[in-house]
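# Provide a 3D model corresponding to the input given below.
(one chain, ligands or ions: 1)
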Amino acid sequence: MRIFLDTANADEIRQATKLGVISGVTTNPSLASKEGIGTLKGYRDAVLEITDVVDGPISVEVVSVEAEAMIEEGWGISQWHPNIVVKMPSTRAGFEAIAQLSADGVKINQTLCFSVNQALLGAQAGSAYVSPFVGRLDDVGQDGMSVVRDIVSVYRKHDITTEVLAASIRNPLHCIAAANAGAHIATVPFKVLTQMIDHPLTTAGLARFTQDWESATRQ
Ligand code: E4P
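Sure thing, here's the model as predicted:
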């Protein structure tokens, strides 16, 4: 399972890239707004900065809600850089935009996916990636990871090549479960990436090795 970073913060992306563990980035309007980005131009500038740091798919979400506007906006976004993947919501208008843009060669990440049916339809429409939102399903008392598992299983049964991108990941256990479920990718916030690295026994073990080595070199 590949790991993408779920952020619009270039510094976080720089730090994570240095570790050699991330191969793409996902953004959305909320993440952009968290970075003080409030215009399409600002979003574009931030994304172009990210493309300088990461050589992999960068998902950028449309903010239009009508099909025609989504198609126009999505096409425009796709022209920013060859690594751009356009995020389209799992709505009727979204499916129309996915069908049109994927036929025109634009890579689509079908976002806000909460069911196997939405994932099945999105794959037919031409989504390159589908993003089931694990944490948001958990938040409303539904098992988010079971949706990931079911999408992976149905796609496998029917030789569907759309990649399953586990999103709305809230903790390290979600990452393990997504990998076990067979998700192709998990997109993780920087905080979760840090939690995946840190282990108290590693920290304690390293402190002990350092201490023992220092006392040995003092003898
Ligand atoms: C990524 O593609 C999604 O937009 C993101 O993972 C949503 O996460 P959230 O539910 O924590 O906002």
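
# what separates the helix or strand R44 falls within from the chain centre, distance-wise?
Assigned by DSSP states H and E, R44 belongs to helix 40-53. The chain centre lies 16 Å from the centre of helix 40-53; the measure is C-alpha atoms, centre = their mean, to the nearest Å.

# could you point out which element follows that helix?
With DSSP H and E, the next secondary element past helix 40-53 is strand 58-61.

# longest helix of the chain, counting residues only.
helix 200-218 (DSSP state H).

# how far does that one sit from the chain's center?
37 Å.

# now swap in stretch 75-83 and tell me
That offset, for stretch 75-83, works out to 17 Å (C-alpha atoms, centre = their mean).

# same question for that stretch, mean pLDDT?
The average pLDDT for stretch 75-83 rounds to 98.

# end to end on that stretch, go ahead and measure it.
13 Å (C-alpha to C-alpha, to the nearest Å).

# same question, stretch 73-88
Per C-alpha to C-alpha, the first residue of stretch 73-88 is 11 Å away from its last.

# do that stretch and the ligand meet?
No - if you take C-beta under 6 Å from any ligand atom as the test, stretch 73-88 misses the ligand, and the best it gets is 6.7 Å. C-beta: built from backbone N, CA, C; applies to glycine.

# buried sites along that stretch?
73-75, 77-78, 80, 83-88 (16 or more other C-beta atoms under 10 Å).

# stretch 154-167 now?
Going by 16+ other C-beta under 10 Å, stretch 154-167 has these buried residues: 155, 160, 162-167.

# same check on stretch 178-189?
Applying 16+ other C-beta under 10 Å to stretch 178-189 flags 178, 181-189 as buried.

# of the buried residues of stretch 154-167, closest to the ligand?
A167 (3.6 Å; C-beta to the nearest ligand atom).

# shouldn't the closest one be in contact with L137?
No - with contact defined as C-beta atoms under 8 Å, A167 does not reach L137; the gap is 10.5 Å.

# what residue is smack in the middle of the protein?
T187 (3.4 Å; C-alpha atoms, centre = their mean).

# taking the buried residues of stretch 73-88 together, which two end up most distant?
E73 and N83 (18.0 Å; C-beta to C-beta).

# quick revisit: wait, which of the buried residues of stretch 178-189 is closest to the ligand?
Using C-beta to the nearest ligand atom, those come closest to the ligand at T187, 5.1 Å.

# right, and the helix or strand after the helix or strand containing that closest one?
Following DSSP H and E, one finds T187 within strand 185-188. For strand 185-188, the succeeding helix or strand toward the C-terminus, using DSSP H and E, is helix 190-197.

# pLDDT for the buried residues of stretch 178-189 - can I get that in JSON lines?
Formatted as JSON lines, these follow (pLDDT from 0 to 100):
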{"residue": "A178", "pLDDT": "98"}
{"residue": "A181", "pLDDT": "98"}
{"residue": "G182", "pLDDT": "98"}
{"residue": "A183", "pLDDT": "98"}
{"residue": "H184", "pLDDT": "98"}
{"residue": "I185", "pLDDT": "98"}
{"residue": "A186", "pLDDT": "98"}
{"residue": "T187", "pLDDT": "98"}
{"residue": "V188", "pLDDT": "98"}
{"residue": "P189", "pLDDT": "98"}
